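Asks: Below are the sequence and a predicted model; questions follow.
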Amino acid sequence: MKQTHKLEPLPEIPSKRYFAIGEVSELCGVKAHVLRYWEQEFPQLKPAKRRGNRRYYQHDDVEMIRRIRSLLYEQGYTIGAARLRIKEQPRVESGTPIIRPPLLNAANPPLVEAGSLRQQQLKDIRNELQSLLDRWPV
């Protein structure tokens, strides 16, 4: 059963140059240890590090974290799928993503929702297994 999170609306991002990890945690509704983990999982997250290895995030980093949060918590993506989604849809200067249709092939079928991705993948696997069974004599 898919677990859904009831997320509170996020506060507006202040117009500052740098944000400490505690501020980003509050602005994005994610704990600091989760932010540090996401830095390992998403190469797009590269906060500046200063004295004592303290992290300082910029406005774009905060927007990227909110996007990751939305993909994981609201849309139900896995970390791997969210990483691919972000890679497929780079941001333009205005901060809005460029929506490109995915390439059509067996590994990347056209889909409407993240939930239907799993269903389509299961159908593809089932069809492939059936075609293998059809080839083997009983």
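Replies: Nice, I can see it. Only a predicted model underlies this, so the values are computations on that prediction, with no experimental measurement involved.
Asks: Output the longest helix belonging to the protein.
Replies: Secondary structure assigned by DSSP state H gives helix 114-135 as the longest helix of the chain.
Asks: Show me what it is packed up against.
Replies: Applying 3 or more Cβ pairs under 8 Å, 6 or more residues apart in numbering; DSSP states H and E, one finds that helix 114-135 contacts no other helix or strand. For glycine as for every other residue, the C-beta is placed from the backbone atoms N, C-alpha and C.
Asks: next one: that helix to chain centre, how far?
Replies: Put simply, helix 114-135 sits 24 Å off its chain's centre (Cα atoms, centre = their mean, to the nearest Å).
Asks: cool, stretch 50-64 as well?
Replies: Remark: stretch 50-64 is offset 18 Å from the chain centroid, using Cα atoms, centre = their mean.
Asks: Going along the chain, name the strands of this structure.
Replies: Ranges of strands in the chain, per DSSP state E, are 19-20, 48-49, 55-57.
Asks: Quickly compare these and say which is most buried.
Replies: strand 55-57 (a mean of 21; mean count of other Cβ atoms under 10 Å).
Asks: Walk me through which strands that strand pairs with, and which way each runs.
Replies: Next to strand 55-57 in the sheet, as set by DSSP bridges, lie strand 19-20 (antiparallel), strand 48-49 (antiparallel).
Asks: Least confident of the ones you listed, on average?
Replies: Least confident of the strands paired with strand 55-57, judged by mean pLDDT, is strand 48-49 with a mean of 88.
Asks: where are the low-confidence patches of the protein?
Replies: For the chain, applying pLDDT under 70 flags the ranges 1-7, 90-116, 136-138.
Asks: Walk me through the domains of it.
Replies: Residue ranges for each domain of the chain read 15-100, 101-138, as given by automatic domain parsing.
Asks: Out of these, which is the most enclosed?
Replies: The most buried one of these (mean count of other Cβ under 10 Å) is domain 15-100, showing a mean of 15.
Asks: can you list contacts of stretch 26-34?
Replies: Residues from elsewhere that reach stretch 26-34 (Cβ atoms under 8 Å, 6 or more residues apart in numbering): 7-8, 10-11, 13, 19, 21-22, 24-25, 35, 38, 62, 65-66, 69.
Asks: Good, wrapping up.
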